[in-house]
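In: Quick one: sequence plus predicted model below, questions after.
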Amino acid sequence: QAYSGTPPEEKEKIVWVRFENADLNDTSRNMEFHEIHSTGNEPPLVLMIGYSDGMQVWSIPISGEAQELFSGRHGPVRAARILPAPQISAQKCDNFAEKRPLLGVCKSIGSSGTSPPYCCVDLYSLRTGEMVKSIQFKTPIYDLHCNKRILVVVLQEKIAAFDSCTFTKKFFVTSCYPCPGPNMNPIALGSRWLAYAENKLIRCHQSRGGACGDNIQSYTATVISAAKTIKTGLTMVGKVVTQLTGTLPSGATEEEILAHSNLRRSPLVPGIVTIIDTETVAEGQVLVSEDSDSDGIVAHFPAHEKPICCMAFNPSGMLLVTTDTLGHDFHVFQILTHPWSSSQSAVHHLYTLHRGETEAKVQDISFSHDCRWVVVSTLRGTSHVFPINPYGGQPCVRTHMSPRVVNRMSRFQKSAGLEEIEQELTSKQGGRCSPVPGLSSSPSGSPLHGKLNSQDTYNNFTNNNPGNPRLLPLPSLTVVLPLAQIKQPMTLGTITKRTGPYLFGAGCFSIKAPCKSKPAPQISPSKSVGGEFCVAAVFGASRSWFANNSGLKREKDQSKQFVVESLYIISCYGSLVEHVLEPRPLSTAPKISDDTPLEMVTCPRASWTLVRTPQWNELQPPFNANHPLLLAADAVQYYQYLLAGLVPPGSPGPITRHESYDSLASDHSGQEDEEWLSQVEIVTHTGPHRRLWMGPQFQFKTIHPSGQTTVISSSSSVLQSHGPSDTPQPLLDFDTDDLDLNSLRIQPVRSEPVSMPGSPRPAADRRGVSTVIDATS
């Protein structure tokens, strides 16, 4: 606000924006957030802005008052990360413990000054202000990624990984597929796995499953894909002609000529994803080839037909979202690993997120913390909000209208056997929701799956069978359309949004955001950023509540009234906007049930103007001990020492878990046993058995036989009869022809309550009416 009087032209030009995961907002390792549900102590948003000169780091705590953590002008910065405190153990200590937190920066002018631009990573200590390490490369660096185990440096067609305790080289990959951009070498780094685009498909390492092709089931998607199919058909004919003649048609595009020339040199295959385990992979070069063993390779599968443009893991690391260079459809995969080899792993294609038919390049993918929402932002500045379930299936009112994640099947579905009936219908008439007969809803129709999958195979998933989920058949693919598309404004003052199922022609309208700053000059972004908006999105607890109720104290349950967390989007103008997302049942639905589809209303609630002006003072390390980044690093490092069973430096040595364990253990087997125990997976129960009275299998009918005979069950072969005096009568065989059920005068019109064991009805009443339980399923 101090600079609100300056003309808007003087704001510094933003090159990139990103939300950062650092020790400051690490809910699992920062003790401050461990009692998060009782105290309402939400982690802050940490935001990085890269300028044409220097960079800036912001923190936005739950109070909503933005706090600047770092600001420097030291030339253009291509990538920067605040490195998290590393995982330590008794055998592995942190060489840079007293220097942390560290900031890793890739600048145009490196520390040596002589190397080519963007060819070195410099690690600065925010505690002392000195540079503690510099890693040099021969080729330009495109991006940096890090977790508590490794620092990953992304180069063109190469990846180099360094140990986060010592920053010595751990492993490197040289077989990445070249992507045209904006992300030159897309990778995804989870807490342990690293996914990258491989340049070839090696059959002996290929996992089961992968992308399911373009056989889309839903009616809307079938209509959409009709035009695409015609176009693909014509292209296919052209390719066949090319193969026969060996020449290219005169109207061939540059891309096809390039592909044609590359084909003779090295047959690179686009759209292949390899996932490696950064802990178990061997040191040195990671090579996926026919001759190499599969140590450390978790999965290897085809994800798209075009080159991959962007990838991201969900918070748990079990789901991977991939996008290709066209940007029409995004794929959501579930990774089910096998300890032996990647060829035994299964990759389930759960969702195809259909953005549209125009081309767009993806720059940012973000999951909500409960993995029920995913936001994909393109270079056009639009953020698409998709509903998904971590276990697959159609998103609906039951799954997305409650504040908590629900089970894949409701109690009624588990017990009533409805899935079996549905499966039978599906196998008879083709796709589950397919308007075209024979268009299968399972991946079996895909060319990639071949004839492996049979509809008649007993499905482990749908029948809640505790079988092996890696085995066939694979679960069916669901096509999801975006519930909301939030567009970036051309100017700072307005926010245009488009909500609801956009196929039905919902109109575009704009809302004035509560922005205090003056709008930027009315120029289209193409003049400044080459027609591309840099945007980043993240989910977080609502901060606008404080802006509206600054005098009031925040209630504990205040955050629980929202079904979805707020969505925060930062644009290339430096304005951070909080959007409130409200899913609701589809308004055109005749009646609302658990399976009703969703629509969404979004509205901007609050905005922060975070862009720097040239007059802004720099905020450079060394920082004093009460700086938020230093406090967070201290807290996480202390927690890491306790986890490893070590004495934290500067504390009186209490008997730690590790020492007490050793003193009690007779054989001094040490920590290996303890670590091994923590990784054992115990299954304490199988899925619920069907409750007989909840499903539609049994009918109760009243009969009036001549003798008071009770048919105990249709499956039993014995009838036991009781006379009026309850003297035992001779037993009668059920299978004899003497008993004619039609002669029992079954009266379906009027039924008596069924006598249950322990019911208070007198014995005389019970003797008067006998029961047959008829099993019809």
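Out: Looks like it came in fine.
In: quick one, helices of the stretch 101-250 of the chain?
Out: Per DSSP state H, counting those that start in this stretch, the stretch 101-250 of the chain carries helices over the ranges 219-245.
In: Contact partners for residue 180?
Out: Contacts for residue 180 (CB atoms under 8 Å, 6 or more residues apart in numbering) come out as 307, 325. Every C-beta, even on glycine, is put in place using the N, C-alpha and C of the backbone.
In: now it: how far from residue 411?
Out: 50 Å (CB to CB, to the nearest Å).
In: Backbone dihedrals for residue 627, please?
Out: phi -70, psi 140 (degrees, to the nearest 10).
In: Wait, it touches residue 69, no?
Out: Yes: between residue 627 and residue 69 there is a contact under CB atoms under 8 Å: 7.3 Å.
In: okay, these two: which has more neighbours?
Out: residue 69 (21 against 18; other CB atoms under 10 Å).
In: Surely that one is in a strand?
Out: Yes: using DSSP: H, G, I helix; E, B strand; the rest coil, the assignment for residue 69 is a strand.
In: Residue 139: how many residues sit nearby?
Out: Neighbours of residue 139 under the rule other CB under 10 Å: 12.
In: actually residue 624, sorry about that
Out: Residues near residue 624, counting by other CB under 10 Å: 8.
In: ditto for residue 168
Out: Using other CB under 10 Å, residue 168 has 10 other residues around it.
In: Grab the nearest non-local neighbour of it.
Out: In this structure, residue 168 finds its nearest non-sequential neighbour in residue 162, 6.5 Å apart by CB to CB, 6 or more residues apart in numbering.
In: Contact partners for the one you found?
Out: Shown in contact with residue 162 (CB under 8 Å, 6+ apart): 135, 150, 151, 152, 153, 168, 169, 170.
In: Distance of the closest residue to the second one other than its chain neighbours relative to residue 170?
Out: If I follow you right, that is residue 150. Of all residues not flanking residue 150 in the chain, residue 161 sits nearest, at 4.7 Å (CB to CB, 6+ apart). According to CB to CB, residue 161 and residue 170 sit 5 Å apart.
In: Also residue 538?
Out: Noted for residue 538: a distance of 29 Å to residue 170, by CB to CB.
In: Let's see the PyMOL selection covering just the buried ones among the contacts of residue 162.
Out: Of those, the buried ones can be selected in PyMOL as follows, counting by 16 or more other CB atoms under 10 Å:
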select buried, resi 135+150+151+152+153+170
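In: Report the two of the contacts of residue 162 separated the most.
Out: Using CB to CB, those span at most 14.0 Å, a distance reached by 152 and 168.
In: Helix, strand or coil: sort out residue 632 for me.
Out: The three-state label given to residue 632 by three-state DSSP is helix.
In: So what's the residue count around it?
Out: Residue 632 has 26 nearby residues by other CB under 10 Å.
In: Wait, it touches residue 101, no?
Out: Yes: at 7.5 Å, residue 632 counts as touching residue 101 under the criterion of CB under 8 Å.
In: so what sits against both of these two?
Out: Jointly contacting residue 632 and residue 101 under the rule CB under 8 Å, 6+ apart are 22, 23.
In: could you pull out the helices for the protein?
Out: Taking DSSP state H as the test, the helices found in the chain are 36-39, 219-245, 254-265, 397-400, 411-416, 418-429, 525-529, 544-548, 628-643, 657-664, 671-678, 763-768.
In: Next, the buried residues of the fourth one.
Out: This means helix 397-400. Neighbour-count burial for helix 397-400 [16+ other CB under 10 Å]: 397, 399, 400.
In: Look up how far residue 593 lies from the first one.
Out: Spelled out, that is residue 397. 7 Å.
In: So for residue 199, what pLDDT did the model give?
Out: Predicted confidence (pLDDT) for residue 199: 91.
In: contacting residues around it?
Out: By CB under 8 Å, 6+ apart, the neighbours of residue 199 are 157, 175, 176, 177, 178, 268, 269, 272.
In: ok, those vs residue 10, which is closest?
Out: For the contacts of residue 199, the nearest to residue 10 is residue 178 (39.3 Å; CB to CB).
In: Isn't the closest one up against residue 158?
Out: No: using CB under 8 Å as the test, residue 178 is too far from residue 158 to be in contact (10.6 Å).
In: joint contacts of these two?
Out: residue 185.
In: and the closest residue to residue 85 other than its chain neighbours, how far is that from residue 369?
Out: Among residues not flanking residue 85 along the chain, residue 636 sits closest, at 4.4 Å (CB to CB, 6+ apart). Here residue 636 is placed at a distance of 19 Å from residue 369 (CB to CB).
In: Then residue 51?
Out: 30 Å.
In: What ranges does the stretch 251-400 of the chain have for its strands?
Out: For the stretch 251-400 of the chain, applying DSSP state E, counting those that start in this stretch gives strands covering 272-277, 284-286, 297-302, 308-313, 319-324, 329-336, 346-354, 362-367, 373-378, 382-387.
In: Nearest to residue 117, out of those strands?
Out: Comparing the strands of the stretch 251-400 of the chain by their distance to residue 117 (CB to CB), the top pick is strand 362-367, with 22.1 Å.
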